[in-house]
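*Asks:* Have a look at this prediction, sequence included:
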Amino acid sequence: MYKITPYSYRRARSLGVQIRPSKNRTKKIDVFKNGRHVASIGAAGMNDYPTFRRTRGAQYAEHRRRLYKQRHEKDRHRPGTAGYYADKILW
């Protein structure tokens, strides 16, 4: 089970959403806005920025962040979508 990091909690608070561990076994986090579920984000089993930073160091984490943002360029800019929340909360 994925443990939500303080980094993700801070990022979620800045977006005005709440996050909890996902009830979907294939996802890491459920995102809620005004008490309503809006998205499940982060594939379980895949790493994210805070995980890479903790396990592999800041330089490697920044490299992986850059690659993630390039790979998801088309779906990370539409507010309210799962891709948007994954980009803003996990990366």
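*Replies:* Received the coordinates, thanks.
*Asks:* Tell me how far Lys33 lies from Tyr85.
*Replies:* 9 Å (C-beta to C-beta, to the nearest Å). C-beta here means a position set from N, CA and C on the backbone, and glycine is covered the same way.
*Asks:* Compare the two (neighbour count), which wins?
*Replies:* Using other C-beta atoms under 10 Å as the criterion, Lys33 and Tyr85 rank with Tyr85 on top: 25 against 15.
*Asks:* The more buried one and Leu15: what is the separation?
*Replies:* Using C-beta to C-beta, we find Tyr85 at a distance of 7 Å from Leu15.
*Asks:* for Gln70, same thing?
*Replies:* The value you get for Gln70 to Leu15, if C-beta to C-beta is used, is 22 Å.
*Asks:* Counting neighbours, go ahead and name the busier of those two.
*Replies:* Comparing Gln70 with Leu15 by other C-beta under 10 Å, the one with more neighbours is Leu15, at 15 against 8.
*Asks:* can you give me the helices in this structure?
*Replies:* Secondary structure of the chain (DSSP state H): helices located at 6-15, 49-56, 58-71, 82-90.
*Asks:* check contacts around Lys61.
*Replies:* One thing to correct before we go on: residue 61 is Ala, not Lys. 49, 52-53 (C-beta atoms under 8 Å, 6 or more residues apart in numbering).
*Asks:* show me what contacts the closest residue to His37 other than its chain neighbours?
*Replies:* Closest residue to His37 apart from its sequence neighbours, by C-beta to C-beta, 6 or more residues apart in numbering: Asp30 at 6.0 Å. Going by C-beta under 8 Å, 6+ apart, Asp30 touches 19-24, 37, 39-41.
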